[in-house]
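Participant: predicted model, plus sequence, below.
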Amino acid sequence: MKRDEHVNDIPDIEIVDLENETVQDTDFGKSDISDDFEGNPDDEYEENDREEEEEEHPAPKGIRRFLNLHVLFALVLLVVVGLLGYRITHWGQRVSQSDIFKDGQGSYDDSWDSILPLTDENGKMIVNDASNIVVFGNAPFADDRGSSDNLASLIAKETGATVYNCSISGSYLAAQHTNFDSTLAPMDAYCLYWLVNLAAGVPLDGYYNDAAEALGDKTPPEAEEVVNTLKTLDFNTIDTVAIMYDATDYLMGNAMYNDDNPTDPTQFTGNLEASLEVLQRLYPQIRIIVMSPTYAYAIDEDGNYVSSDIYIYNGRDVLSTYVIKECYSSNLRSVSFMDNLYGSITEDNAKEYLTDNLHLNVKGRKLIAKRFEYFLNYYSKGYASQE
């Protein structure tokens, strides 16, 4: 310590003997004047005690407080991290998959099924026995065409009705272009909207001639038959139309909906709504049943089957969203909606009813046919009163 810090301890300069040899430097850097110091000797010891305490505790109080706070914070942080780690590793109770399904696969009690009757202009329900049915769609109706195991054939057997199969293999619902152009997307000619317009009498022979020329050997084998059927069939004699497209639009990454234009034919739901609008305007006697895609597996970049509820194509959305949007459009147009994704062939039972990631086996078709009969005769056979 410097001398001037202890100036009050120095006696009157006039009584200090400067030649006294007892004056010496202490360990604290100050002179210890023992012989000529006038005052209480206890003061000297108290001063020394204070200086020893200062040497033993050199850190200022502010720094000590700062260090203590950081140590405390570090301890609290360690405790919190430890607790989080424990909770994560010990969260819940582990259950094996075999335990989950020990009582079976379970069921989807909350489907998007919506069974609506045909009504007249006053909203009165019209109940008729269906006798003439036209089906539109792709693979579900087109696979094994003409065989007894074909879905259209199974529906005819279940219902006793005459079924006109106007499905096109390899087709899809959402057109790739608003205006048909065979040089860009020749398969657009076989989307639902153009087929319905053909049935309504719109002269579209040029579309199908151009499409067949552009596709060549890839033209769907049933295309000519379907075109001729729609051109000649009197839709005033038809009482039911069924529409079922599988998950092809999802797998292609086709556009789904356009809120600004709900009848945009380049959208999955837009093409459907535009087609429903034509049918309802020209043929009000027809009851329409829209049948959703069944479950289908997505295929990743490595060719592996993955859940269609987590895999997205072309930046669009998962398969279930396509189905929900299709249901919404059907409800807006007051037509029945048969939910096959949650009510028929689901992610849990898909392996039992599919031949690959997409196509129905015979067992799957029979399931769909039986469900369709229930929808078709819900009011005429009193199924509604049995629920």
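Facilitator: Now that the structure is in, tell me what you want to look at.
Participant: for residue 76, see how far away residue 280 is.
Facilitator: Remark: distance between residue 280 and residue 76 (CB to CB, to the nearest Å) = 68 Å. Bear in mind the C-beta positions are built from the backbone N, C-alpha and C, glycine included.
Participant: tell me the secondary structure for residue 331?
Facilitator: Following DSSP: H, G, I helix; E, B strand; the rest coil, the label given to residue 331 is helix.
Participant: in this structure it contacts residue 339, no?
Facilitator: No - the pair residue 331 / residue 339 is not scored as a contact, 11.6 Å apart, by CB atoms under 8 Å.
Participant: tell me which of those two has more neighbours.
Facilitator: residue 339 (24 against 15; other CB atoms under 10 Å).
Participant: my guess is the more buried one contacts residue 328. True?
Facilitator: No - look at residue 339 against residue 328 with CB under 8 Å: they stay out of range, at 11.9 Å.
Participant: overlap in contacts of the two?
Facilitator: Common neighbours of residue 339 and residue 328, counting by CB atoms under 8 Å, 6 or more residues apart in numbering, are absent.
Participant: mind listing the helices for this structure?
Facilitator: Ranges of helices in the chain, per DSSP state H, are 41-56, 61-89, 97-100, 139-142, 151-159, 192-199, 205-215, 223-232, 248-252, 268-282, 319-332, 340-343, 350-353, 362-376.
Participant: quick check: pLDDT value at residue 94.
Facilitator: We have a pLDDT of 55 for residue 94.
Participant: should've said residue 73
Facilitator: 78.
Participant: which residues does residue 117 contact?
Facilitator: The neighbours of residue 117, taking CB under 8 Å, 6+ apart as the test, are 125-127, 287, 378-379.
Participant: any idea how far residue 352 lies from residue 369?
Facilitator: Separation of residue 352 from residue 369 (CB to CB) stands at 16 Å.
Participant: so which of these two has more stuff around it?
Facilitator: Neighbours per residue (other CB under 10 Å) separate residue 352 from residue 369, with residue 369 holding more: 19 against 12.
Participant: would you agree that one is in contact with residue 149?
Facilitator: No - Residue 369 is not in contact with residue 149 according to CB under 8 Å; the separation is 10.1 Å.
Participant: which residues are common contacts for those two?
Facilitator: By CB under 8 Å, 6+ apart, no residue touches both residue 369 and residue 149.
Participant: ok, back up a step: which one of the contacts of residue 117 sits closest to residue 183?
Facilitator: Closest approach to residue 183 among those (CB to CB): residue 287, at 38.4 Å.
Participant: where does the chain dip in pLDDT?
Facilitator: Along the chain, segments meeting pLDDT under 70 span 1-67, 88-109, 387.
Participant: what sits closest to residue 183 if chain neighbours are left out?
Facilitator: If the residues on either side of it in the chain are set aside, residue 183 comes closest to residue 214, at 6.7 Å by CB to CB, 6 or more residues apart in numbering.
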